[in-house]
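Novice: give me coordinates for this.
(2 chains)
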Amino acid sequence: MIKLLFFGRLGDIAKNAPASVDAATPAEIRDLLAAEFPALGRELHEPQVLVSVNQMIVSWNHPLADGSEVAFLPPVTGG
Amino acid sequence: MTIRIRIQQQDFDLADEYRVLREIDSTVGAVVTFSGLVRDFEAGAQEQIEGPAKDPAKGQAKQQKQSIDSLSLQHYPGMTESLLKDIVEAALNRWALLGVTVIHRVGKLLPTEQIVFVGVASQHRAEAFEAAQFVMDYLKTKATFWKQVSQDGESFWVESKQTDQQAAERWDNSDAC
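Specialist: Numbering: from 1, shown residues only, chains lettered A, B, ... in the order given. Next up is the predicted model:
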């Protein structure tokens, strides 16, 4: 299983999203989520949204291994 | 070379942080510190003031400035520390520095409280000034922090600013140092 994390405003929109899924790439997770949660799907397709796997920013086609942690990151606003 | 990166709920003391940088060793000739604070207002809903009929684009955005109740800082534990380390290391590759401290607070913060500290020690001032600005510019656009504002019983996530992005990008195009 792949653990999912949603930060910032994505956390509010993903309140009912599963905590983990089975998928081969972050893009596949995005498709699975979009099918069930269209509003979340739209947000995840925003070009500014980044994805990380095990805390490294990766491309949406990055291969996932069982037990990976995938996080969806809206534009950051610290400082 | 002294690198200190801390993410914490509690406040920090400017004098203490300055002292640590100053006392790294006797070759320190310059210490630049930056501290960011919670402003007591955020630009709320923007109201467009209509410009002249001939050129509506000249209208100005009027900002409704309202006091905020508090700010909540969320971050991605582990990844944030790692990204901040990358940013500091990029600064070290660019300038001759003797010490860098980055402190970022998380959790609930009230107006006028300190949020962030960046301090840089070097032999000469130019490196310290530039590196401090570089670290802040990258922190604002790369480090995994998100601000949520509470105002009049409602809360909203702060939008990222194009100007912050541009501030970070100018370092990509700069061949200084």
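
Novice: got a list of what A:L40 touches?
Specialist: Counting by CB atoms under 8 Å, 6 or more residues apart in numbering or on different chains, A:L40 touches A:L10, A:I13, A:A14, A:A17, A:L33, A:A34. For the C-beta atoms, the positions are set from N, CA and C on the backbone; glycine is no exception.

Novice: same thing but 10 Å
Specialist: The contact partners of A:L40, taken as CB atoms under 10 Å, 6 or more residues apart in numbering or on different chains, are A:F6, A:L10, A:I13, A:A14, A:K15, A:N16, A:A17, A:R30, A:L33, A:A34, A:F72.

Novice: same check on B:I3?
Specialist: B:I3 makes contacts with B:L84, B:K85, B:V88, B:E89, B:A91, B:L92, B:L97, B:G99, B:V100, B:T101, B:V102, as judged by CB under 10 Å, 6+ apart.

Novice: what's the burial count for the fourth one?
Specialist: Going back to what we said before, that points to B:E89. Using other CB atoms under 10 Å in any protein chain shown, B:E89 has 12 neighbouring residues.

Novice: quick check, it in a helix?
Specialist: Yes - counting by DSSP: H, G, I helix; E, B strand; the rest coil, B:E89 is found in a helix.

Novice: show me the shaky parts of the chain.
Specialist: Here I'm looking at chain A. For chain A, no stretch is flagged by pLDDT under 70.

Novice: wait, chain B
Specialist: Chain B contains residues with pLDDT under 70 at B:42-65, B:175-177.

Novice: helices or strands next to the biggest helix by length in chain B in the packing?
Specialist: Counting residues, the longest helix in chain B under DSSP state H turns out to be helix B:125-142. With contacts defined as 3 or more CB pairs under 10 Å, 6 or more residues apart in numbering or on different chains; DSSP states H and E, helix B:125-142 has these neighbours: strand B:30-37, helix B:79-94, strand B:99-105, strand B:114-122, helix B:162-173.

Novice: which neighbouring elements make contact with the helix or strand that that helix is followed by?
Specialist: The helix or strand immediately downstream of helix B:125-142 is strand B:145-151, counting by DSSP states H and E. Counting contacts by 3+ CB pairs under 10 Å, 6+ apart, strand B:145-151 is packed against helix A:9-13, strand B:41-48, strand B:61-67, strand B:70-75, helix B:79-94, strand B:107-109, strand B:114-122, strand B:154-157.

Novice: where does chain A get nearest to chain B, which residue?
Specialist: With CB to the nearest CB, the shortest gap between chain A and chain B falls at A:G78, namely 2.6 Å.

Novice: so which of the contacts of A:L40 are in helices?
Specialist: When the contacts of A:L40 are checked against helices (DSSP H), the matches are A:L10, A:I13, A:R30, A:L33, A:A34.

Novice: chain A against chain B: which residues are in contact?
Specialist: With CB under 10 Å from any CB of the partner chain as the criterion, chain A meets chain B at residues A:5, A:7-12, A:48, A:50, A:52, A:54-57, A:69, A:71, A:73-79.

Novice: show me which of these are buried.
Specialist: The neighbour-count test (16 or more other CB atoms under 10 Å in any protein chain shown) marks A:5, A:7-11, A:50, A:52, A:54-55, A:69, A:71, A:73-79 as buried among the residues of chain A next to chain B.

Novice: quick one: A:L44 and A:F72 touch, right?
Specialist: Yes - between A:L44 and A:F72 there is a contact at 6.1 Å, judged by CB atoms under 10 Å.
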